[in-house]
Structures are given as C-alpha cells and as structure tokens.
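Undergrad: Here is the input, now give the coordinates:
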Amino acid sequence: MTRNSGDVPPVQTGIRLRAAIFLAAILLATCARAQQKPDLWLYYSTNLQVDENVTRLEAIWRRAAAAGYTHVMLTDSKFARLGELGNMEKTYRANVERVKKIAAELHLQIVPVLFSFGWSNNMLWHNPNLAEGLPVKDAPFVVRNGEAVPAPDPPIKFGARPDWQDGNVKIEDGVATAENITVNSRLIYQFKLPTFRCYHVSVWIKTQDFQGVPEIKALAGDRSLQYQGLGVKRTQDWTRHDVVFNTLDNERVAVYFGVWGDAKGRLQWKDWKIEEAGLVNVLRRPGTPVVVKSESGTAYVEGKDYEKIEDPKLGNTPWSGEYEAWHTPPVIRTKLPDGTKLRVSWYHPAIIYDGAVMACVSDPETNELLKDEATRVRALWDSKGYMMAHDEIRTLNWDAACQNRKLDAGPLLAENVRLCQKLLGGAQAYVWSDMFDPHHNARKDYYLVRGDLKDSWEGLDKSVIVVNWNFGERDKSLRFFADRGHKQVIAGYYDGPVDQVKEWLAAAAKVKGVVGVMYTTWQNKFDELEAFAKACRAP
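TA: Here you go, the predicted model:
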C-alpha cells in the first residue's frame, strides 16, 4: 500500500498519541486537585500529665479518625515549661509516647502549639517580670514614717452621684440598682487626669438571678483603657471587685459602671471608689526601669537612698504566671526625711479579660525562653509542623525594652515571628491569622498596643501556613493571604453552628491554597465532631 503525501508517518502518530495521553493525564490530575476537599483538622487542648486525659483523648481521636480527620493541633500549657517538670517528667513523657502511638495508629499528624504570645501566661510562669509593661511617669509620692506612699495630684474621688447616667439605673441611699435591663444602663464619671498614671477602681456588687455582664470601663474618647473582666456571679451577696487602668497618653477619661445591652434579673452597685494605684504589680527587669527622684529631678539610688522595690505578689496568684489586678501595693522604704516629695516612674502589666497578660517581645530573656521551648518541644514531638500561637496580642510596644528599638508595633511583631519561625529549624510553621491580617487585628489602636500593627505580615515567610479565623471578613482575609502566597487552614466551628463552615468553604473556593479546615473548640465540646466533618465534605 502506497502512502500519499498527506499521510502522517507511524512514528509521528505514536508521538502524538502519547502526548495526548500525557496531556489528558495532566488535565485529570488538575481537575482532581481542584475538586479535592481540604484536610480535616481537630484543635485539641489538654494536660498530658493526667493519665485520664490521655484515655479521654484516645476516645475522641478515634472518633475523629473515623470521621476523616487527618491533623490534630495539640496544645498543653506544659509545652512552655518542659524543663521544669521535675518529678512529673517521667509520667509526662510516658503519656506523650502513648499519644504519639495513638496518632500513628490512627494516621493523625500532630501539630504541637508553642510560643504563646498574646495569652503569654504559660511563658510568664518562668518569670512574671517579663510581662509587657505600661509606663507610669513621675507619679507623686511623699515620705511618711520611713515609707514613701502615693500623694495624689490632683486628688481624685467619685462623687455621691455620677456626672450622668442612662438606662434604668436608680440610685437610693448610695446604692445603684438596675432590674430587667433593656437598654445600656450605666453610671458615668468624667475626669481630667495626668497622662501615664495608674488608678485603682473598686466597687461592691450584689446580684440576684442576674443574666448579663456587669463591666467597669475607663474610656478615653473611643479607646478603652481597661479590659479586665469582673467575674460577677449570677447570684452573689455583696462582693468587692477591683480593676486597674493606666491613662497612657490621655488626659480626659470617663469611668463607667454598668451593663451594655439587655440583661435580666437584679444588679446593684455601692461604695465605688477610685485612687492612685501605687506600685501594684511593679515590673522589675532592665527593660522596665524604676526611677525615684526628687521634685527637682535629682535621682535617688536604690539600695542606698531607699530599699529595693519589688512586689512579692506579682504574677503568682493563684500560681506562677497568673496576675491579679489588685492587692496591697508595696511601699518604698527609705530613710529620707518625712515630708520629702518624690516623683516615681515604673511599669506594670495590663490584665485583659479573664487574666491574659502579654510577654515583652523585646526582652533578651524572652528570646532565651523561646529558644529553650522550641528545642524541648521539637525533641519531644519530632513533628513535621508546629503552630506558632501569636494571637490576640493586646499589649505591645510600651515598655523601655520595646521603645528603645525605635520600631512601630507592626515591624516589632514581624521581627518576633521571624525569629520564632527560625527556631523551628525548617519544620513546617503555622500561625494564627489575626495579628497579621489588616482586615482583622493588624491595625492601628488595637486594644492597648502602642502604634500601628501594619506590616506585621512582612515577618511571615511564604512557607508559613496561616490558620485563618477571620469569619467576619473571610473573603478579604482569605484573598489577602492567598495573594501573598500563603497556604491556609480555616479555623471553623468555635462552639457555634456547624453549618457556618459552609460559608467558610464557599469563600475558600474563590482562592487557591486552602489546604485544611479545623474543628476549633475552646470549650472542649466534641459533640459536633462528626457533623462538622460531614458539613465539610458535603457537595
């Protein structure tokens, strides 16, 4: 048979056929990747010192594996202090080995959590003085009977009645009462105060079947200076509650007692008082210097003109790393003559909500603790990846250690997270999204952060996988990190409606690189574990 000039040689036909098969294989693989569901993750918090906790863990992890979960983000406060386990070490390490065997059997990849910035209490267990400090500048003291004590300037107190009030609060015989609240109900006092002074506010509260959240706020315009929760019980007899706030760079401050929004039941307040706080929770380290000087500016010498200043109750109530807002502050013991007027400057930590305190990112001892933690956690777990717990960093860039670096808050945080990633030695690094997200917390005037958190994200290498929990701005947030080349894991659930994850996944479908979705519970609620997996796998 003769082939005409238009025929294709058999060799070329074979080449084209193989090329077509190869291209088809690529297209099929691409489609398969496009349709592949993200890995299922489980957030799990525990204390591995307790044998029963490992037994409970195993039951839950078996359920997770059966439902299709492949990764567990594991957190334990002891990860930050593995070198201090003492007599507990043998039991702890044995339980870690049990957990590793369980994970291996179930084909679960463990991602340990370390570097607790934001909620830094685990790290501060080593040294409570490493807390980020808010400055008090030139507070007036006076010597009386061998002790220098605060001499308020100007004097400050609450009047019998507030400057104004709203809602359905009624004041009678010095007691403010509100019942079945339907609108904001508050007592408000307004003050002109010196900048960078520390004040203690106390009040007695009584409740009867009260369903709401009583608060004490110190507001400077739109910015809050006080975030500590009061811990008021639903029903309690008269109980004193205390908070401390720093005026920072604000002269006009309004102090509020009350409830924002609706509430049921009965709430009463009495004996509200305000005073200069003195040296409560005074921080002592090179980055938080204490300066005592005369009114004319002459500096006095610690150990010579006055005894060493320290607060023995700093960061150890009820245990190391935990801070109470108020206790009797230390005095300055001195042989200076009675009536001597002093100006005293120092730093103190801010306590946020239920006790969160931030560690200073600029103190050299903090960096040494990070190195030690990374070394020990990596040796213990030998995991492929680790989670950097930078999250809700609400105090930053105020103390001398930070300000001496001449950086804004964003670059300061960027340097820290860059160091933390380096300490992981090439293992896969993960990080919470919020402090590196301009659509979330990486912004100006975030809580008690000094400056702008803009550009914090520049500290994240593109290899870092971002664990994104910004549901409110999910489209913008996912796009921001995707455009910067980061893979992402969605942190969903948060003890809320399971089906909400579908909205996350719809947003994730618009970007590349969403590799996981996590069942995230702060309340250790695992009832919805299977339902969440099913919702994530739904068409």
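Undergrad: Give me the below-cutoff pLDDT ranges for this protein.
TA: Per-residue confidence for the chain (pLDDT under 70) gives these ranges: 1-35.
Undergrad: how about 80 then?
TA: Applying pLDDT under 80 to the chain picks out residues 1-36, 539.
Undergrad: Now do the helices in it.
TA: Taking DSSP state H as the criterion, the chain contains helices spanning 10-35, 51-67, 89-106, 121-124, 364-381, 400-403, 409-423, 474-483, 500-508, 529-537.
Undergrad: how many degrees apart are the fifth one and helix 89-106 in direction?
TA: By that I understand helix 364-381. 60 degrees (axes from the mean of the first three to the mean of the last three C-alpha atoms, to 10 degrees).
Undergrad: still on that earlier bit, so which of the helices of the chain is the most surrounded?
TA: helix 121-124 (a mean of 24; mean count of other C-beta atoms under 10 Å). In this view, the C-beta of every residue, glycine as well, is placed from N, C-alpha and C.
Undergrad: just checking, what packs against that one?
TA: Contacts of helix 121-124 with other secondary structure elements, assessed using 3 or more C-beta pairs under 8 Å, 6 or more residues apart in numbering; DSSP states H and E, are made with helix 364-381.
Undergrad: how about a cut-off of 7 Å?
TA: For helix 121-124, the packing partners by 3 or more C-beta pairs under 7 Å, 6 or more residues apart in numbering; DSSP states H and E come out as none at all, with no helix or strand in contact.
Undergrad: ok, residue 482 touching residue 515?
TA: No - shown here, residue 482 and residue 515 do not form a contact pair, counting by C-beta atoms under 7 Å, at 11.3 Å.
Undergrad: Mind listing the shared neighbours of those two?
TA: With contacts taken as C-beta atoms under 7 Å, 6 or more residues apart in numbering, residue 482 and residue 515 have residue 488 as neighbours in common.
Undergrad: how far away is residue 433 from residue 156?
TA: Applying C-beta to C-beta, to the nearest Å, one obtains 41 Å for the distance of residue 433 from residue 156.
Undergrad: more crowded one of the two?
TA: Neighbours around residue 433 and residue 156, counted as other C-beta atoms under 10 Å, are more numerous at residue 433. The numbers are 27 against 16.
Undergrad: quick one, what contacts the more buried one?
TA: Going by C-beta under 7 Å, 6+ apart, the list of residues near residue 433 reads 440, 466-470, 477, 481.
Undergrad: what separates stretch 354-366 from the chain centre, distance-wise?
TA: When C-alpha coordinates are averaged (C-alpha atoms, centre = their mean, to the nearest Å), stretch 354-366 and its chain have centres 11 Å apart.
Undergrad: start to end distance for stretch 524-539?
TA: Distances were taken as C-alpha to C-alpha, to the nearest Å; on that basis the terminal residues of stretch 524-539 are 28 Å apart.
Undergrad: do stretch 302-311 as well
TA: Taking C-alpha to C-alpha, the span from the opening residue of stretch 302-311 to its closing residue is 15 Å.
Undergrad: buried stuff in it?
TA: Residues 305-307, 309, 311 are the ones in stretch 302-311 that count as buried (16 or more other C-beta atoms under 10 Å).
Undergrad: Next: stretch 247-264.
TA: Going through stretch 247-264 with 16+ other C-beta under 10 Å, the ones that come out buried are 247-248, 250, 253-260, 263.
Undergrad: contact partners of that stretch?
TA: Outside of stretch 247-264, the residues within contact range by C-beta under 7 Å, 6+ apart are 134, 169, 178, 180-182, 184-197, 201, 203, 210-220, 225, 267, 269, 272, 274.
Undergrad: Please produce a ChimeraX select command covering the buried subset of those.
TA: Provided next is the ChimeraX selection string for whichever of the contacts of stretch 247-264 are buried by 16+ other C-beta under 10 Å:
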select :134,169,178,181,185,186,187,188,189,191,193,194,196,197,201,203,210,212,214,215,216,217,218,219,220,225,267,269,272,274
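Undergrad: The contacts of stretch 247-264 in strands, which ones?
TA: Restricting the contacts of stretch 247-264 to those inside strands, with DSSP state E as the criterion, leaves 134, 178, 180-181, 185-192, 201, 203, 210-211, 215-220, 267, 269, 272, 274.
Undergrad: Report the backbone C-alpha coordinates of stretch 66-82 in CSV.
TA: Once non-C-alpha atoms are left out, stretch 66-82 reads as follows in CSV (Å, rounded to 0.1, in the frame of the first residue of the first chain):
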residue,chain,number,x,y,z
ALA,A,66,-13.1,7.5,61.8
ALA,A,67,-14.8,10.7,60.6
GLY,A,68,-11.9,11.5,58.3
TYR,A,69,-9.7,13.9,60.3
THR,A,70,-6.0,13.8,59.4
HIS,A,71,-4.4,16.5,61.6
VAL,A,72,-4.6,17.4,65.3
MET,A,73,-3.4,20.8,66.6
LEU,A,74,-2.4,19.9,70.1
THR,A,75,-1.9,22.4,72.9
ASP,A,76,-0.8,21.9,76.5
SER,A,77,0.4,24.7,78.9
LYS,A,78,3.3,22.5,79.9
PHE,A,79,4.9,22.8,76.4
ALA,A,80,6.2,26.2,77.6
ARG,A,81,7.9,24.7,80.7
LEU,A,82,9.1,21.2,79.8
